[in-house]
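I would like the atomic coordinates for the input below:
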Amino acid sequence: MTSVIPTRIVPSVAPADRTPRHVAKEFHKLLDSGAKLRPAGEAKDDPNGLLSAGYTPKYEISLFDTRFFLTNVRQNPALRFFVAYVVQRNRKTGRTEIFPRIFYKDLSLIWRAASHVIANDGDFWIGKGDVKVLARGGYEITECVESTTDLPFEMQTALETLNRKTRHALNDEEALYLLLRSAPSSRTAPYRDFTEPRRKAAADRRNLINGGRSIARFTRKTDPTSLEIVAGFEPDFAEGIVEISELRSAMYGGNLQRFRILSRNRKVQYLFVAGPKHVWIIPPQATTTELSSFGVRTIDVVADEDLFVPGFEYHYFDEDADASEHFSQIPEGFAGELCEHDNDRADASAWLDPIPVIREFRRKVLGARRKRGLSTEAFQG
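Numbers count the residues shown, from 1 in each chain. Predicted coordinates for the structure are as follows:
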């Protein structure tokens, strides 16, 4: 039986004001009271061994009906991540279940939940969530919808706060295999534990944003000025700014700010990222309150992906390589100089800056704040 998912607009949550010892004690109390620990990877044969192996949580975050217990941040050559325990009550049985997950920071500066992992025959790839099948050039192509793994905007600041607490992250190359389901090299699609909650939520069309149709599209594919946003879903720059947060990135030249902004109809929220030279938009999220066992929303916001190109995006072009090896996620003809911190990425400003909603954001939000001399603290009231 499906139902309408409630919506709620809330400020960003903060980590619980508890010591690591208190958090660990609270977590053990859940286990002692009968909560089931359900890892998806190699640890499923000995779930409680995660704690003796050093994965005891130190911090807690709560959002809606879900609690998140997190370790200190960890690092491997590919990822900076938390081991996160997602605590939820099973609606059918009434029992509390705990799902160990990997929360990692993507290069677009958003925290995500890994859906699965491919690690065999020399391949290593983190599952990017649900997929869609497209017809292109007479072939069917499967593409990941990476935004389906984006953790709620409402907890991004808390995760970043905890990330900053750790100056020297512990090196850890085992956690991903312990906690993530391993997939063969041919499988980009996630497993049912990721997709089924999404299918159930979408089964009731009343939950779908704009009826499941796109809220924004470019009417001319290679023209950034041709963006059209469905009426009501435009960012409300006058009264819809919920909050501003800060973060740092060497790739983007130091300090950045993130602006969480509601749509005019309050059904969608945007996250604008502004750096010294760049402005880009993280894919928007619904204001629904249901989270899956991966900690992500079960309802999507569909929009043209070219609206959400980050300031530096993948653009690999080698003049000495075959054309089939070239790869770019920047619309053709708009790639700028290569990033000095990552030669596989190029500046996407030539595409981003002419987009009308980004121009409007620069004028109405960044321009207004500069004129008024507002600091982040002053703007948040």
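
could you check how far the most centrally placed residue in the chain is from residue 353?
Per C-alpha atoms, centre = their mean, the C-alpha nearest to the average position across the chain is that of residue 150, at 2.0 Å. Using C-beta to C-beta, to the nearest Å, residue 150 is found at 24 Å from residue 353. (Glycine included, C-beta is placed from N, CA and C.)

show me where the stretch 101-250 of the chain dips below the pLDDT cut-off.
In the predicted model of the stretch 101-250 of the chain, residues 136-137 satisfy pLDDT under 70.

can you map out the helices along it?
Along the stretch 101-250 of the chain, the segments classed as helices by DSSP state H, counting those that start in this stretch run 153-165, 175-179, 192-203.

follow-up on the earlier one: what sits against the residue nearest to the centre of the chain?
110-112, 282-283, 285, 296 (C-beta atoms under 8 Å, 6 or more residues apart in numbering).

if we go to 7 Å?
Residues near residue 150 by C-beta atoms under 7 Å, 6 or more residues apart in numbering: 110, 112, 283, 285, 296.

pretty sure residue 262 sits in a strand.
Yes - under DSSP: H, G, I helix; E, B strand; the rest coil, residue 262 sits within a strand.

apart from its neighbours in sequence, what residue is nearest it?
residue 240 (3.7 Å; C-beta to C-beta, 6 or more residues apart in numbering).

what's around that neighbour, how many residues?
Neighbour count of residue 240, defined by other C-beta atoms under 10 Å: 18.

next one: residue 7
14.

how near is residue 312 to residue 177?
On the measure of C-beta to C-beta, residue 312 and residue 177 end up 30 Å apart.

the two: which has the busier surroundings?
Between residue 312 and residue 177, counted using other C-beta under 10 Å, residue 312 has the larger neighbour count: 28 against 13.

got the contact list for the more buried one?
251, 339, 342, 345-348.

try residue 289
5-8, 64.

measure stretch 228-239 end to end?
21 Å (C-alpha to C-alpha, to the nearest Å).

er, stretch 168-184 actually
33 Å.

please work out which residues outside that stretch touch it.
With C-beta under 7 Å, 6+ apart as the test, stretch 168-184 has contacts from 39-43, 50, 72-76, 80, 83, 100-102, 114, 116-119, 127, 191.

where do the domain boundaries of the protein fall?
Domain assignment of the chain by automatic domain parsing yields the ranges 20-200, 206-380.

quick check: closest non-adjacent residue to residue 3.
residue 204 is the one closest to residue 3 (C-beta to C-beta, 6+ apart), at 6.5 Å.

my guess is that neighbour meets residue 288, correct?
No - applying C-beta atoms under 7 Å as the test, residue 204 and residue 288 come out as separate, 11.5 Å apart.

the more surrounded of these two?
Higher neighbour count among residue 204 and residue 288: residue 288, with 21 against 13, using other C-beta under 10 Å.

does that one have beta-bridge partners, and which?
residue 7 (DSSP bridges).

tell me the confidence at it?
As predicted, residue 288 sits at a pLDDT of 98.

repeat that for residue 341.
pLDDT for residue 341: 86.

what is the neighbour count of it?
Neighbours of residue 341 (other C-beta under 10 Å): 12.

start at 10 instead
Renumbered: residue one is now 10, and that last one reads residue 350.

could you pull up phi and psi at residue 344?
phi -70, psi 130 (degrees, to the nearest 10).

number of nearby residues for it?
Residue 344: 20 neighbours (other C-beta under 10 Å).

pull the contacting residues for it.
If you count contacts by C-beta under 7 Å, 6+ apart, residue 344 has them with 324, 337, 355.

could you do residue 14 as well?
When contacts are counted by C-beta under 7 Å, 6+ apart, residue 14 is found next to 210, 216, 297-299, 308.

so how far is stretch 269-287 off the chain centroid?
Its chain's average C-alpha position is 14 Å from that of stretch 269-287, according to C-alpha atoms, centre = their mean, to the nearest Å.

if you could redo that for stretch 346-354, that was the one I meant.
22 Å.

and for stretch 274-291?
Taking C-alpha atoms, centre = their mean, the mean C-alpha location of stretch 274-291 is offset from the chain mean by 13 Å.

report the mean per-residue pLDDT for it.
96.

for it, buried residues please.
Residues 276-284, 287-291 are the ones in stretch 274-291 that count as buried (16 or more other C-beta atoms under 10 Å).

can you list contacts of it?
Counting by C-beta under 7 Å, 6+ apart, 18, 117-119, 162, 218, 224, 241-242, 244, 261-263, 265-271, 293-296, 310, 316-320, 358, 361, 367, 370-371, 375 sit against stretch 274-291.

take these and keep only those in strands.
Counted as lying in strands by DSSP state E, out of the contacts of stretch 274-291, are 263, 265-271, 293-295.
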